[in-house]
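Trainee: Quick one, fold the following:
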Amino acid sequence: MQEIAERLKAKGLKVGEDLKIVVPASKIKEEARKVRDVGYDHVKSVTGIDYPHDGVFKIIYHVSSYSDRQLSKSILTIEVEISRDNPQIPSLIDIWPSVKYLEAETSELFGIEFQGNSLKKVMLPEDFEGFPLRRDFKIPVEGIEK
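Mentor: Model prediction:
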């Protein structure tokens with residue numbers, strides 16, 4: 001793991017012991033390219049965490065490698081914080097095509113716009129209203145009997 005951390009540091013990334021980097025939203029594409037160029041060739045998952053009291057979402061990307069045997073043993077976490085009032089971030093689809101459906105799912109469940117990813121609905125019915133993984137989402141109780 002130390003060698004992987006050194007390779008990431010050589011690209012100018014700050015790395016903790018648990019292979020996690022925290023990236024400002026304004027630099028996500030630049031930093032994602034560095035991570036890809038180190039050898040992390042695909043995204044395993046994308047999710048969000050809603051912090052309504054802080055007015056932010058954290059977007060969490062887990063990336064790994066198929067092509068690099070050493071990197072394939074690790075998962076690198078990339079964490080990005082964005083405003084809850086304007087939940088937009090550039091899509092990473094041009095860097096990792098595997099992110100297409102993962103970003104779409106996160107968008108659908110949290111209401112985060114991944115600019116450049118045109119895919120919208122992948123899970124919820126077309127007439128579904130709201131974003132069910134936001135902390136302030138209210139589950140409709142109409143039609144539910146006690």
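Trainee: Going by C-alpha atoms from here, please, whenever you check contacts or count neighbours.
Mentor: Noted.
Trainee: distance between the lowest-mean-pLDDT helix or strand in the chain and the chain's centre?
Mentor: Lowest mean confidence among the helices and strands of the chain (mean pLDDT, DSSP states H and E): helix 2-10, at a mean of 80. Put simply, helix 2-10 sits 22 Å off its chain's centre (C-alpha atoms, centre = their mean, to the nearest Å).
Trainee: Name the residues of that helix that come out as buried.
Mentor: Of the residues in helix 2-10, 4-5, 7-8 count as buried by neighbour count, 16 or more other C-alpha atoms under 10 Å.
Trainee: what about stretch 70-81, how long is it end to end?
Mentor: With C-alpha to C-alpha, to the nearest Å as the measure, stretch 70-81 spans 29 Å from end to end.
Trainee: related to what we said a few turns ago, mind giving me the packing neighbours of the least confident helix or strand of the chain?
Mentor: Using 3 or more C-alpha pairs under 8 Å, 6 or more residues apart in numbering; DSSP states H and E, the elements in contact with helix 2-10 are helix 28-38.
Trainee: Touching the helix it packs on from outside, list them.
Mentor: With contact meaning C-alpha atoms under 8 Å, 6 or more residues apart in numbering, helix 28-38 is reached by 7-8, 11, 13, 23, 42, 80, 90, 92, 95.
Trainee: likewise stretch 104-112?
Mentor: Counting by C-alpha under 8 Å, 6+ apart, 46-48, 50, 87-89, 113-114, 117, 119-124, 130-134 sit against stretch 104-112.
Trainee: Among the residues you listed, which lie within strands?
Mentor: Counting by DSSP state E, these place 46-48, 50, 88-89, 113-114 in strands.
Trainee: Can you give the distance of stretch 41-52 from its chain's centre?
Mentor: The chain centre lies 3 Å from the centre of stretch 41-52; the measure is C-alpha atoms, centre = their mean.
Trainee: what sits up against it?
Mentor: Stretch 41-52 is contacted from outside by 36, 56-67, 84, 96-99, 102-103, 106, 110, 133-136, using C-alpha under 8 Å, 6+ apart.
Trainee: Same check on stretch 79-95?
Mentor: By C-alpha under 8 Å, 6+ apart, the list of residues contacting stretch 79-95 from outside reads 20-25, 28-29, 32-33, 36, 52, 55-61, 99-100, 103, 111-117.
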